[in-house]
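Visitor: Prediction below, plus the sequence it came from.
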Amino acid sequence: MAKTLYFLLALISTYLIFSQQRIDFSLVHDGITRTYFVYVPASYSGNEKVPLIIDLHGYTSNANQ
């Protein structure tokens with residue numbers, strides 16, 4: 001369990017460090033404005049396919065947490 005937690009912490013830390021550009025978007029659905037962020041690494045050129053990672057927060061938290 002501890003190894004998994006340390007791995008996830010290292011993965012998240014690496015992701016936050018190398019995510020160089022954050023683009024904020026919003027949309028309105030059923031009268032509620034929803035916001036979301038897209039992180040684009042500085043090394044991304046758009047010339048090759050890369051995986052897409054989607055991170056959803058829980059019901060009582062928000063995207064900034």
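Guide: Perfect, thanks for sending it.

Visitor: just the helices in this protein please.
Guide: Secondary structure of the chain by DSSP state H: the helices cover 2-18.

Visitor: Low-confidence ranges, it, go.
Guide: For the chain, the stretches flagged by pLDDT under 70 are 1, 6, 9-20, 65.

Visitor: how about 80 then?
Guide: Low-confidence segments of the chain (pLDDT under 80): 1-22, 41-42, 57-58, 61-65.

Visitor: got the phi/psi numbers for the residue nearest the centre of the chain?
Guide: Closest residue to the average C-alpha location of the chain: Asp55 at 5.3 Å, with CA atoms, centre = their mean. Backbone dihedrals for Asp55, given as degrees, to the nearest 10, come out at phi -120, psi 110.

Visitor: Quick one: residues contacting it.
Guide: Shown here is Asp55, which makes no contacts under the criterion CB atoms under 8 Å, 6 or more residues apart in numbering. From N, CA and C alone the C-beta is placed, and that goes for glycine too.

Visitor: Can you tell me how far it is from Tyr39?
Guide: 9 Å (CB to CB, to the nearest Å).

Visitor: so what sits against both of these two?
Guide: By CB under 8 Å, 6+ apart, no residue touches both Asp55 and Tyr39.

Visitor: List the buried residues of stretch 56-65.
Guide: Neighbour counts over stretch 56-65 (16 or more other CB atoms under 10 Å) mark no residue as buried.

Visitor: Just the CA coordinates for that stretch, please, in CSV.
Guide: Extracted in CSV, the C-alpha atoms of stretch 56-65 (Å, rounded to 0.1, in the frame of the first residue of the first chain):
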residue,chain,number,x,y,z
LEU,A,56,-12.0,14.0,-12.0
HIS,A,57,-12.3,15.3,-8.5
GLY,A,58,-14.8,14.0,-5.9
TYR,A,59,-18.2,15.5,-5.1
THR,A,60,-17.1,17.6,-2.1
SER,A,61,-13.9,19.0,-3.7
ASN,A,62,-13.0,21.2,-6.6
ALA,A,63,-10.5,21.3,-9.4
ASN,A,64,-8.1,23.6,-7.5
GLN,A,65,-7.7,21.1,-4.7
